[in-house]
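Engineer: sequence first, predicted coordinates after that:
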Amino acid sequence: MSVLTKEALYTQHGPVNMVLFENVTNASEIKSLVSEGDFQLGCCFVDARMILSTFQILVAANRALYMDSLGKLKTRNLLLETIFSLSPNMNIAQTLERFGVKEDSTTLVGIKIGNATEAELLQEFQSVVKGDVGKLEDIGKVADMELLQKMYKFNPTQSSFDDIHNFVISSMALKGL
């Protein structure tokens with residue numbers, strides 16, 4: 001499966017679409033496009049090393065959609081809010097730095113909220129990313145547990161993957177409470 005499309009709980013903007021890219025060779029170019037504000041695609045990219053599952057992205061997107069429905073976005077737009085919602089803390093700049101595209105990123109997850117066919121999504125993402133489309137089922141295999149442990153503050157030696165995953169999702173859900 002190259003594109004995963006899931007209906008969001010708040011459907012005013014359409015479904016949440018995700019694509020995994022491996023062997024990315026132009027991360028610094030993508031990072032520049034995003035930081036310069038010239039990025040008009042209507043999608044965002046996160047470093048896959050910070051992602052354990054597609055469910056984690058879906059939780060973040062649904063939180064962003066919920067905040068948008070309340071008119072309470074903390075960031076400039078829905079896509080940045082999705083990235084911000086991945087973090088357990090309230091520091092926007094730190095979140096974008098840790099979850100966003102880095103110079104050394106070789107595996108990225110593209111996220112788009114809205115209606116589009118698989119072909120349209122792939123064309124849109126591949127117009128920016130130089131890399132191979134991967135299988136989203138493999139996303140947990142590229143997660144960097146050391147980076148995740150620093151962000152979410154769990155003990156990786158005493159926890160199974162499922163325990164860590166549940167801890168990460170809970171940390172995201174409880175953010176700001």
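Structural biologist: Done, it's in.
Engineer: do a quick rundown of the strands in this protein.
Structural biologist: In the chain, the strands defined using DSSP state E lie at 3-6, 16-22, 44-47, 108-113, 132-133.
Engineer: and those strands, which one averages the lowest pLDDT?
Structural biologist: With a mean of 82, strand 3-6 has the lowest mean pLDDT of the strands of the chain.
Engineer: which elements pack onto it?
Structural biologist: Judged by 3 or more Cβ pairs under 8 Å, 6 or more residues apart in numbering; DSSP states H and E, strand 3-6 is in contact with strand 16-22, helix 54-70, helix 118-126. For the C-beta atoms, the positions are set from N, CA and C on the backbone; glycine is no exception.
Engineer: need the residues that contact stretch 46-59.
Structural biologist: Residues from elsewhere that reach stretch 46-59 (Cβ atoms under 8 Å, 6 or more residues apart in numbering): 4, 6, 8, 16, 18, 20, 82-83, 85-86, 98-102, 105, 107-109, 111, 136, 139-140, 142-144, 147-148, 151, 161, 164-165, 168-169, 172-173.
Engineer: which regions of the protein lie under the pLDDT threshold?
Structural biologist: Filtered on pLDDT under 70, the chain yields the residue ranges 1, 35-41, 177.
Engineer: try it again at 50.
Structural biologist: 38 (pLDDT under 50).
Engineer: centroid-nearest residue for it?
Structural biologist: Centroid-nearest residue in the chain, with Cα atoms, centre = their mean: Val46, separated by 4.5 Å.
Engineer: right, and the helices and strands packed on strand 3-6 - which one's nearest Thr157?
Structural biologist: With Cβ to Cβ as the measure, helix 54-70 is the member of the helices and strands packed on strand 3-6 nearest Thr157 (21.4 Å).
Engineer: tell me what angle that closest one forms with strand 16-22.
Structural biologist: Computed by axes from the mean of the first three to the mean of the last three Cα atoms, to 10 degrees, the angle separating helix 54-70 from strand 16-22 equals 140 degrees.
Engineer: now helix 54-70: how far from the chain's centre is it?
Structural biologist: From the chain centre to the centre of helix 54-70 is a distance of 11 Å (Cα atoms, centre = their mean, to the nearest Å).
Engineer: may I have that helix as CSV, with CA atoms only?
Structural biologist: Taking Å, rounded to 0.1, in the frame of the first residue of the first chain, the C-alpha atoms of helix 54-70 are listed here in CSV:
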residue,chain,number,x,y,z
THR,A,54,0.0,5.7,11.1
PHE,A,55,-2.3,5.8,14.1
GLN,A,56,0.0,8.4,15.7
ILE,A,57,-0.4,10.6,12.7
LEU,A,58,-4.1,10.1,12.6
VAL,A,59,-4.4,11.1,16.3
ALA,A,60,-2.4,14.2,15.6
ALA,A,61,-4.5,15.1,12.5
ASN,A,62,-7.7,14.6,14.4
ARG,A,63,-6.5,16.8,17.2
ALA,A,64,-5.6,19.5,14.7
LEU,A,65,-9.0,19.2,12.9
TYR,A,66,-10.7,19.5,16.3
MET,A,67,-8.8,22.6,17.3
ASP,A,68,-9.6,24.0,13.8
SER,A,69,-13.3,23.3,14.3
LEU,A,70,-13.1,25.3,17.6
